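S.K.: pasting the structure only:
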């Protein structure tokens, strides 16, 4: 059932993101030299797939995601989105953070989504903006909370709002950096289910790159799971996941979870 | 729905009232009444010379007359209030603009940051009223001198709290701004300023407090030279003509206006940072 691909099959038309021998290094905060966060990673993300980057903390998976977003530069290699080299952040690549503080506290739930929509399509009328924003607020189930300020929301509701905002601007790719990492277990499972639902409701055309260290989350969400190893962050393997979206106790899903757990163990 | 609305609205109004008056408003009012009564009783029972220390009722009466309340009131105090307020409002506006510009530069330039930090360090501990003699030398006995010392009193606390406000903005919000391709100006107006607002408001409060003290003090000096026309001048003039009750009325007025502006700041907070849950204290 589970196919482990030894290498990425290039298909320029279906690939949205191409990471080409990318390395990312930071200057050490004390002393000289650099810390290598990501080393020589080559992988492609297909259009319309949910691509999960799985790895232990400190393996550079968030760094890689942030680089796809254009927030930090690669020190070697190249990251291309839609054939163009990524140089700066863009509304075509929207990041959703783990931090609950990613909403503008001075705007309501609806106001936050409207703000993003207005940034994306500045020429649209206020009415169009409002309709579009409301549509996405309702899509994530926050209709009753639309006029509330973020400080009155629970953690899960805040992340829903952030997801609504990100989907509303129709980015080419949605970059999610452990968005459910700070939620309790019950809410996390609910949000994973919700993300699959919203993605399906958007006609399965939004590409998502999702970073997590949670194996169950990876199997529930990802069409493909890229496993990274630590120190420095490298591509360990790339796994096709036929049981994406299946219930958590599905047999094939559990087998894949076991397999990924093995892959995550540090090589001796 | 209707029943929950009815349940929810009274606490909301109380929240506004307590935000305006501070907690325990009723107890504070009682303490205030007791203090006034004690003042009145002490003066009357101990037969204190009214020329030196008038009883509360005399002062309250003079204050009411000065404000044009009741029969025979002149209402002259209003013009003094306005004179003082116009100086401090003008200085406030100047200080805010300068503080925002300077802090904005300091945020984007390492050298400017050091310049601002050193300047704040130098002028923060200096009571700007000490600059008044120089200001008089430069600008004469004019309104400009007043504005100068008041600006010097206000600008440093405003700038330093604004700096802290900018420095403590969450990196996530800055990333959000970059993600949505904000330019320098929109980053300032859409992210930095609203995010720094809690610190900014407390800076403005402190700045206003400094400015209010300074302007009254400066007017006292002007009063000593028989020039100008604000509340401070009025207090000093009353002493000069031995209208001590008027002088006390002026002092009460300084306190009342100070409290009133304080409640305006609370009101602004109630409709912004309090509502957003970003209040700092």
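M.R.: Cool, the structure landed. The structure displayed is predicted, hence computed values, not measured ones. Residues are numbered from 1 along each chain as shown, chains lettered A, B, ... in the order given.
S.K.: Is residue A:236 in a helix, a strand, or coil?
M.R.: strand (DSSP: H, G, I helix; E, B strand; the rest coil).
S.K.: burial measure for it, as a count.
M.R.: 18 (other CB atoms under 10 Å in any protein chain shown). Any C-beta I mention is one placed from the backbone N, CA and C, and that applies to glycine too.
S.K.: just checking, it touches residue A:230?
M.R.: No. Assessed by CB atoms under 8 Å, residue A:236 is found out of contact with residue A:230, at 9.5 Å.
S.K.: Let me know whether residue A:37 touches residue A:232 as I believe.
M.R.: Yes. Taking contacts as CB under 8 Å, residue A:37 lies within contact range of residue A:232: 6.7 Å.
S.K.: picking up where we left off before, which residues are common contacts for residue A:236 and residue A:230?
M.R.: Jointly contacting residue A:236 and residue A:230 under the rule CB atoms under 8 Å, 6 or more residues apart in numbering or on different chains are residue A:55.
S.K.: Figure out the helix or strand that residue A:186 lives in.
M.R.: helix A:185-201 (DSSP states H and E).
S.K.: Who are the contact partners of the closest residue to residue B:52 other than its chain neighbours?
M.R.: Leaving aside its chain neighbours, residue B:52 sits nearest to residue B:244 (6.9 Å; criterion: CB to CB, 6 or more residues apart in numbering or on different chains). Residues near residue B:244 by CB under 8 Å, 6+ apart: B:50-54, B:238.
S.K.: Report the residue spans of the stretch 151-281 of chain B with pLDDT below the cut-off.
M.R.: B:223-228, B:280-281 (pLDDT under 70).
S.K.: of all of it, which residue lies closest to chain A?
M.R.: For the stretch 151-281 of chain B and chain A, the shortest gap (CB to the nearest CB) falls at residue B:277, measuring 2.7 Å.
S.K.: What's the separation between that residue and residue A:158?
M.R.: Distance, residue B:277 to residue A:158, using CB to CB, to the nearest Å: 12 Å.
S.K.: what's the helix or strand that contains residue A:159 in contact with?
M.R.: According to DSSP H and E, residue A:159 maps onto helix A:155-168. Helix A:155-168 has contacts (CB under 8 Å, 6+ apart) with A:94-97, A:100, A:102-103, A:109, A:112-113, A:115-117, A:120, A:132-133, A:135-137, A:139-142, A:145, A:150, A:153, A:174, A:179-180, A:182-183, A:187, A:190-191, A:194-195, A:198, A:202, A:206.
S.K.: Now do the same contact list for the most centrally placed residue in chain B.
M.R.: The residue lying closest to the centre of chain B (CA atoms, centre = their mean) is residue B:208, at 3.3 Å. By CB under 8 Å, 6+ apart, the contact list for residue B:208 reads B:88, B:92, B:154, B:261, B:265.
S.K.: Pull the number of nearby residues for the residue in the stretch 151-268 of chain A positioned nearest to chain B.
M.R.: Going by CB to the nearest CB, chain B is nearest to residue A:151 of the stretch 151-268 of chain A, at 2.7 Å. By other CB under 10 Å, 14 other residues sit near residue A:151.
S.K.: for the residue nearest to it when sequence neighbours are not counted, phi and psi?
M.R.: Distances taken as CB to CB, 6+ apart place residue B:277 nearest to residue A:151, at 2.7 Å, with adjacent residues excluded. Torsion angles at residue B:277 (phi, psi; degrees, to the nearest 10) stand at phi 80, psi 30.
S.K.: my guess is residue B:277 meets residue A:106, correct?
M.R.: No. In this structure, residue B:277 is not within contact of residue A:106 by CB under 8 Å, at 10.0 Å.
S.K.: Could you check which of the two has the larger neighbour count?
M.R.: Counted by other CB under 10 Å, residue B:277 and residue A:106 do not tie: residue A:106 has more neighbours, with 22 against 13.
S.K.: pLDDT at that one, what is it?
M.R.: Listed pLDDT for residue A:106 reads 94.
S.K.: Now do the same contact list for it.
M.R.: Taking CB under 8 Å, 6+ apart, we find residue A:106 in contact with A:149, B:194, B:197, B:272, B:276, B:278.
S.K.: what's the closest of these to residue A:74?
M.R.: Among the contacts of residue A:106, residue B:194 lies closest to residue A:74 (CB to CB), at 33.1 Å.
S.K.: so after the helix or strand containing residue A:67, what's the next helix or strand?
M.R.: Secondary structure from DSSP H and E places residue A:67 in helix A:61-69. Using DSSP H and E, the helix or strand that follows helix A:61-69 towards the C-terminus is strand A:76-81.
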